[in-house]
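*Asks:* Okay, predicted coordinates and the sequence, questions at the end:
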Amino acid sequence: MTRIIKGAEIARRIRLRVAEQVSQSRASGHVPGLATILVGDDPASAVYVASKRRAIREAGMRDVHRHLSRDSSQTDVASVIDALAANPEVHGILLQLPLPAQLDAAQLIDRIPVSKDVDGLTTASAGLLARGERGLRPCTPSGVIELLDAEGIELRGSCIAVVGWGELVGRPLAQLLLRRGATVTVAHEFTSDLAAVTRPADVVVVATGVLGLIGPEHIKAGATVIDVGIHRTPAGLTGDVRAAELDGIAGRITPVPGGVGPMTIAMLLVNTLLAAEWAAEREPVAA
């Protein structure tokens with residue numbers, strides 16, 4: 001039988017560990033703070049932000065929230081980001097995507113200081129990742145690495161196929177895996193023979209946003225399958241992988257929901273704690 005990777009349980013353990021560390025930080029006078037910015041009233045975005053804010057409070061962190069109207073201008077949002085960037089009680093800034101059409105998301109994201117970029121999405125953060133220097137990494141790719149580590153999967157020397165080359169998951173994940181010594185192949189919309197890329201792989205990570213793209217024809221026996229996709233269907237939530245068809249073929253697989261999703265929020269908390277710790281390192285020592 002295929003083993004189900006219980007991402008929700010792994011994420012719970014990470015969140016408990018973060019809460020313990022936050023408690024110690026509070027005792028020494030340092031309270032990690034995360035600011036969330038929501039522009040408009042998109043229902044899905046509102047739900048995502050609410051779940052992140054709930055996790056922040058449960059971890060004992062400072063919850064700072066800014067909700068702007070849908071017709072906010074570039075200057076309006078930039079001013080909010082700049083104010084939070086200057087606030088010493090805010091260690092992380094998260095700009096919820098997608099933004100309304102009149103806003104330039106890339107430009108606004110790059111206003112977030114690299115030291116507070118807990119989503120790891122700024123150009124500066126991408127540069128630190130590419131160079132292998134200390135920095136905050138994108139949450140979902142980091143969560144995938146944590147899942148693989150928790151399962152005891154040796155990354156060094158493994159052949160790993162990353163399906164999807166998006167800036168949020170595929171590209172940064174490929175770099176993280178390369179840093180861990182994996183042999184990584186990236187497939188994307190122009191890949192002519194997807195199965196030829198995925199079938200030799202020991203691990204297949206799928207992040208395409210294409211419902212049911214991956215099935216038995218793409219996976220070798222015993223391979224680990226990580227499904228990052230999530231889709232709402234009449235039958236409920238499902239992913240980019242036809243999971244039921246892989247039962248008995250894949251060695252391990254993440255469920256949707258309950259797989260990668262909970263890890264993303266857990267890693268957001270980890271990044272906020274790291275940002276607060278690094279900010280404390282930079283504080284001037286009293287004479």
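*Replies:* Arrived safely, thanks for sending. Numbering: from 1, shown residues only.
*Asks:* So Pro172 versus Arg179, what's the distance?
*Replies:* Look at Pro172 and Arg179: by C-beta to C-beta, to the nearest Å, they are 11 Å apart. C-beta coordinates here come from the backbone N, C-alpha and C atoms, glycine included.
*Asks:* between those two, who's got more neighbours?
*Replies:* Applying other C-beta atoms under 10 Å to Pro172 and Arg179 shows that Pro172 carries more neighbours, namely 25 against 13.
*Asks:* Just say helix, strand or coil for the more buried one.
*Replies:* What DSSP: H, G, I helix; E, B strand; the rest coil gives for Pro172 is helix.
*Asks:* What segments of the stretch 151-287 of the chain are helices?
*Replies:* Ranges of helices in the stretch 151-287 of the chain, per DSSP state H, counting those that start in this stretch, are 170-179, 194-198, 261-282.
*Asks:* now those as JSON lines including mean pLDDT?
*Replies:* Converted to JSON lines, the helices of the stretch 151-287 of the chain look like this (pLDDT from 0 to 100):
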{"stretch": "helix 170-179", "mean pLDDT": "97"}
{"stretch": "helix 194-198", "mean pLDDT": "98"}
{"stretch": "helix 261-282", "mean pLDDT": "95"}
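*Asks:* which residues in the stretch 1-150 of the chain form helices?
*Replies:* 7-27, 43-58, 74-85, 105-109, 123-131, 139-150.
*Asks:* and the angle from the fifth one to helix 170-179?
*Replies:* With axes from the mean of the first three to the mean of the last three C-alpha atoms, to 10 degrees applied, the angle from helix 123-131 to helix 170-179 works out at 30 degrees.
*Asks:* distance between helix 123-131 and the chain's centre?
*Replies:* Helix 123-131 has its C-alpha centroid displaced from the chain centroid by 16 Å (C-alpha atoms, centre = their mean, to the nearest Å).
*Asks:* Can you point out the buried residues in it?
*Replies:* Neighbour counts over helix 123-131 (16 or more other C-beta atoms under 10 Å) mark 124-126, 128-129 as buried.
*Asks:* same check, this time on the first one
*Replies:* Residues of helix 7-27 classed as buried by neighbour count (16+ other C-beta under 10 Å): 7, 10-11, 14-15, 18-19, 21-22, 25.
*Asks:* Send me that helix as PDB with only the CA atoms.
*Replies:* Output of helix 7-27 as PDB, limited to C-alpha atoms (Å, rounded to 0.1, in the frame of the first residue of the first chain):
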ATOM      1  CA  GLY A   7       1.600  16.900   6.300                       C
ATOM      2  CA  ALA A   8      -0.900  18.200   8.800                       C
ATOM      3  CA  GLU A   9       0.800  16.300  11.600                       C
ATOM      4  CA  ILE A  10       4.300  17.300  10.500                       C
ATOM      5  CA  ALA A  11       3.100  20.900  10.400                       C
ATOM      6  CA  ARG A  12       1.600  20.600  13.800                       C
ATOM      7  CA  ARG A  13       4.900  19.500  15.300                       C
ATOM      8  CA  ILE A  14       6.700  22.400  13.600                       C
ATOM      9  CA  ARG A  15       4.100  24.900  14.900                       C
ATOM     10  CA  LEU A  16       4.500  23.500  18.500                       C
ATOM     11  CA  ARG A  17       8.300  23.900  18.300                       C
ATOM     12  CA  VAL A  18       7.900  27.500  17.000                       C
ATOM     13  CA  ALA A  19       5.500  28.300  19.800                       C
ATOM     14  CA  GLU A  20       8.000  27.000  22.400                       C
ATOM     15  CA  GLN A  21      10.700  29.200  20.900                       C
ATOM     16  CA  VAL A  22       8.500  32.200  20.700                       C
ATOM     17  CA  SER A  23       7.700  31.700  24.400                       C
ATOM     18  CA  GLN A  24      11.400  31.800  25.200                       C
ATOM     19  CA  SER A  25      11.800  34.900  23.000                       C
ATOM     20  CA  ARG A  26       9.000  36.700  24.800                       C
ATOM     21  CA  ALA A  27      10.600  35.900  28.200                       C
END
